[in-house]
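Predicted model and sequence below, questions to follow.
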Amino acid sequence: MHDWLAKAYGPQHWWPAETAFEVVVGAYLTQNTAWAGVERSLANLRRAGGLSIDGLRALDLDKLRELIRPSGFYSRKAPALKAFIAMLDAEFQGSLDVLAATQTEVLRERLLALPGVGGETADAILLYALGHAVPVADEYLRRITERHRLITPLPRKNRKGYEALVQLTREAFGMDALADRPRLFNEFHALTVAVGKKHCSVIADCENCPLAADLPIECQD
Ligand code: SF4
């Protein structure tokens with residue numbers, strides 16, 4: 001799937017950010033909102049000098065709320081970002097490099113214990129900000145893997161459903177054998193988002209899709 005999609009779409013250059021910390025902030029801000037709103041919030045933060053660890057630490061909570069207002073849910077996202085900084089300072093010497101050096105599963109559990117961090121946000125931070133090889137299991141991946149009969153349909157919209165999807169996709173794609181290749185995970189997630197947006201939406205456009213050849217025969221009607 002990766003190779004077919006890479007051939008069709010080329011390099012995706014994810015995540016669209018200048019620094020690892022900007023990825024972290026973007027991963028929080030993109031929850032339940034469109035990317036256009038995130039870009040406006042990031043631009044506000046950049047102008048205010050708040051797009052670095054030191055800069056965000058220095059912003060007071062009211063100002064942070066105001067700056068990230070365009071990406072919605074700012075009353076929840078602002079304290080969540082502050083909690084991330086507080087954890088970094090208290091446990092990881094205020095350094096993303098020290099955080100990234102933590103063992104993947106330990107780090108994932110620590111991120112999941114933070115306010116405002118669900119599975120998808122934790123995995124996006126792990127993969128795109130900290131360079132750990134983990135799958136990001138979003139709705140696009142769910143649709144693709146279910147429609148290709150790689151996994152059985154799962155409960156949606158809850159932590160258990162997300163974790164089950166992560167586990168099943170790890171198994172379906174043999175991801176545990178690829179743990180030393182975060183670049184592959186990085187590109188694969190970006191490519192599945194691309195095919196999801198172009199072809200595998202609520203209504204599937206299989207006829208023109210680069211993954212049509214992989215559809216099980218019983219689905220090709
Ligand atoms: S649109 Fe069809 S072929 Fe493409 S990923 Fe979705 S189910 Fe597969």
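On my side now, so go ahead.

Check the contact between residue 188 and residue 4; I expect there is one.
No: in this structure, residue 188 is not within contact of residue 4 by CB atoms under 8 Å, at 11.3 Å. C-beta here means a position set from N, CA and C on the backbone, and glycine is covered the same way.

okay, those two: which has more neighbours?
residue 188 (24 against 16; other CB atoms under 10 Å).

Show the contacting residues for that one.
Going by CB atoms under 8 Å, 6 or more residues apart in numbering, residue 188 touches 1-2, 5, 135.

change it to 6 Å
Counting by CB atoms under 6 Å, 6 or more residues apart in numbering, residue 188 makes contact with residue 2.

repeat for residue 53
residue 21 are the contacts of residue 53 under CB under 6 Å, 6+ apart.

one more time with 7 Å, if that's ok
21, 85, 88, 94 (CB atoms under 7 Å, 6 or more residues apart in numbering).

what about the second one, distance to the ligand?
To the ligand, residue 85 is 39 Å away according to CB to the nearest ligand atom, to the nearest Å.

and the contacts of residue 53, which are buried?
For these, a burial check counting by 16 or more other CB atoms under 10 Å picks out 21, 85, 88.

any idea of the pLDDT on residue 180?
Predicted confidence (pLDDT) at residue 180: the value is 88.

so it, which of the three states?
At residue 180 the chain is in coil, as set by DSSP: H, G, I helix; E, B strand; the rest coil.

May I ask which two of the contacts of residue 53 are separated the most?
Using CB to CB, the pair of the contacts of residue 53 lying farthest apart is 21 and 94, separated by 11.1 Å.

Could I get the contacting residues of the residue nearest the centre of the chain?
By CA atoms, centre = their mean, the chain has its centre lying nearest to residue 124, at 2.9 Å. The neighbours of residue 124, taking CB under 7 Å, 6+ apart as the test, are 27, 136.

so which helix or strand takes in it?
Under the criterion of DSSP states H and E, residue 124 resides in helix 119-124.
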